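Undergrad: Sequence plus the predicted model coming up.
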Amino acid sequence: MKTFSGNGFSFSLGERTYIMGILNFTPDSFSDAGEYFTVETALRRAKEMESQCADIIDLGACSTAPGKEQISEQIELGRVSQLLPVLKKAVSVPISIDTYRVSVARYALENGAKIVNDESGLFSEEMAQTVLEHNAGWIFMHTGGESADGTAMYKNGVVSAVKESFLDFIEKAESFGIKRSSLCVDMGIGFGKTLEDNIELIKSASSLKIPGVALLTGLSRKRAIGYMTGENEVKNRDAGTVAANTVAIAGGTDIIRVHDVKSAAGAARAGDKLLRGRHPDKIIVKDLEVYAFHGVNPEEKENGQRFILDITAKVNLENACLSDDINSTVSYAKIIKTASAGFCAQKDDLIERAAERVADALLTEYNRIDCVTVTVKKPDAPIKASFGYVAVEIERKRKK
C-alpha cells in the first residue's frame, strides 16, 4: 500500500481525498485578515476544522500572499511558539507547519508538528536534514523561482516544468536518505505563474502524478479562482474553489488545502464516490478446480478435462467489517457454486467464452460485486510442449 507517512501519521494514497485545513495565525492573511490571530480564536478554529473532517491542520504564521512584506524569522518563530504547544494538545489530527524557514520548521517538528509544508520551491540540504532527523513529511511546492507577485517563463510549457521540478526534488530527497513515502508535491497555484498557467495546471493534475508520491493541490480562494468565477471578494470564492478542487480530484490529487473545510470535505466525499472508481476491497477465490468439456478438438468435448479458475471480485466490504454480518458481503461458497455452474453450463470451443459466462453470472447474481476478474487455466491442454498451463484472464465491470 502506497502512503504519505512519517512519525505519527499515515495517509493511504488513492483511496480518498484528504483535507488540509488552513490555520492562518497572522494579522494579514489574504483570506481572513487576522480573524484567527489570537490563541483563543486560533484554537477554536482548529477544533472546528477537525470536527468538520479536516485530516491535517496547516499552521502558517507568515503570510506569503501577493503584496505582503515578509516578516522576520524571529517574529514568525515567536508566533509559532506562542500557538503550537497548545494547538497540539487541542487537536488529534497531524499538524503541518507552513514555512520556508529551517529554524521555524525545526522548532515546529520538535514541538508537535509532523509535516513541513515548504513553499520555498527549493531543495535545501538543511531542510532535508531537519525532515530526515524527525521522520517528518515534506511537502515541496513549485514556484518557478518566483513569489506570489511574480511570474516565470516556461519554454516547454508550465505542466512540463512543474513535473520536471517534482522529479528533480524527489531524486535529491531520496539521494539524501528521505523515503519517497515521506514526500508530497504541490503544483504551487498562484506562485510564479500566470492565471492561464494556473488553470492549465489544475486541468492537468493527472499529468503531475508521480508513482508513490502524494500530490497536493492548494488553490483555495486564490486569484485564479477569482479570475475564473469573476468573484473579486475573496470569501465569496468557496464555490469556485469546490469546483476547481473537484477537477483536481478527478485528476488524482491526494490532498486539497482549503479554508472552508466543511464544504471541501463534503465535495471530496462526493467526488471520491463519483471519480475514484472501484472499491479497493476484494473477495478472492484461488485454484478452483472444475471438470468441463471445452476445447476446439473433438476429443476435448467428448472426454473433458480439468480447468483451474481464479476469481477476484471487487466488493465494498466496509459494512461487513463493521457488522460482522454475512448479509453485508458475498459468500465465498456462493461465488464458487455460481462460478462452477456457469463454467460448466455448456460446451465451448474457447475458454474465453466460458470465462465470460462466469463473469456474467457473478455480476448478474450478486449486485454487491462492482467488478470481477476471472482467470481460466488449462493445465492439460493437448499441446506438444512442456508447460505449466495456458490461460486467459478477463475483467468485467458492472454497467452503470
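TA: Sure thing, it's come through.

Undergrad: What segments of this structure are strands?
TA: 3-6, 9-12, 18-24, 56-60, 95-98, 115-118, 137-141, 183-186, 214-217, 255-258, 282-292, 305-315, 369-378, 390-397 (DSSP state E).

Undergrad: what's the closest of those to residue 168?
TA: Closest approach to residue 168 among those is made by strand 137-141 (9.7 Å; C-beta to C-beta). For every residue, glycine as well, the C-beta is placed using N, CA and C.

Undergrad: Would you mark the buried spots in stretch 248-258?
TA: 248-249, 251-258 (16 or more other C-beta atoms under 10 Å).

Undergrad: biggest separation within those, which pair?
TA: The span of the buried residues of stretch 248-258, defined through C-beta to C-beta, is set by 252 and 258 at 17.5 Å.

Undergrad: rewinding a little: out of the buried residues of stretch 248-258, the closest to residue 392 would be?
TA: Ranked by distance to residue 392 (C-beta to C-beta), the buried residues of stretch 248-258 are led by residue 252 at 30.5 Å.

Undergrad: Going by neighbour count, list what's buried in the worst-scoring helix or strand of the chain on mean pLDDT.
TA: In the chain, no helix or strand scores lower on mean pLDDT, DSSP states H and E than helix 318-323, which sits at a mean of 76. For helix 318-323, the neighbour count (16+ other C-beta under 10 Å) marks residue 320 as buried.

Undergrad: Just the CA atoms of it, as PDB, please.
TA: What follows is helix 318-323 as a C-alpha-only set of coordinates in PDB (Å, rounded to 0.1, in the frame of the first residue of the first chain):
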ATOM      1  CA  GLU A 318     -16.900  -1.600   4.800                       C
ATOM      2  CA  ASN A 319     -20.300  -2.700   6.200                       C
ATOM      3  CA  ALA A 320     -19.200  -6.300   6.600                       C
ATOM      4  CA  CYS A 321     -16.100  -5.200   8.500                       C
ATOM      5  CA  LEU A 322     -18.300  -3.200  10.900                       C
ATOM      6  CA  SER A 323     -21.300  -5.500  11.300                       C
END
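
Undergrad: For it, name the packing helices and strands.
TA: Helices and strands touching helix 318-323, by 3 or more C-beta pairs under 8 Å, 6 or more residues apart in numbering; DSSP states H and E: there are none.

Undergrad: Show me the contact partners of that helix.
TA: Outside of helix 318-323, the residues within contact range by C-beta atoms under 8 Å, 6 or more residues apart in numbering are 281, 325, 328-329.

Undergrad: Among those, which one sits closest to residue 388?
TA: Among the contacts of helix 318-323, and counting by C-beta to C-beta, the member closest to residue 388 is residue 281, at 29.9 Å.

Undergrad: quick one: that closest one and residue 328 touch, right?
TA: No: using C-beta atoms under 8 Å as the test, residue 281 is too far from residue 328 to be in contact (11.4 Å).

Undergrad: In space, what's closest to the residue most central in space within the chain - neighbours in sequence excluded?
TA: By C-alpha atoms, centre = their mean, the chain has its centre lying nearest to residue 254, at 2.7 Å. Ranked by C-beta to C-beta, 6 or more residues apart in numbering and with sequence neighbours excluded, the top spatial neighbour of residue 254 is residue 214, at 4.4 Å.
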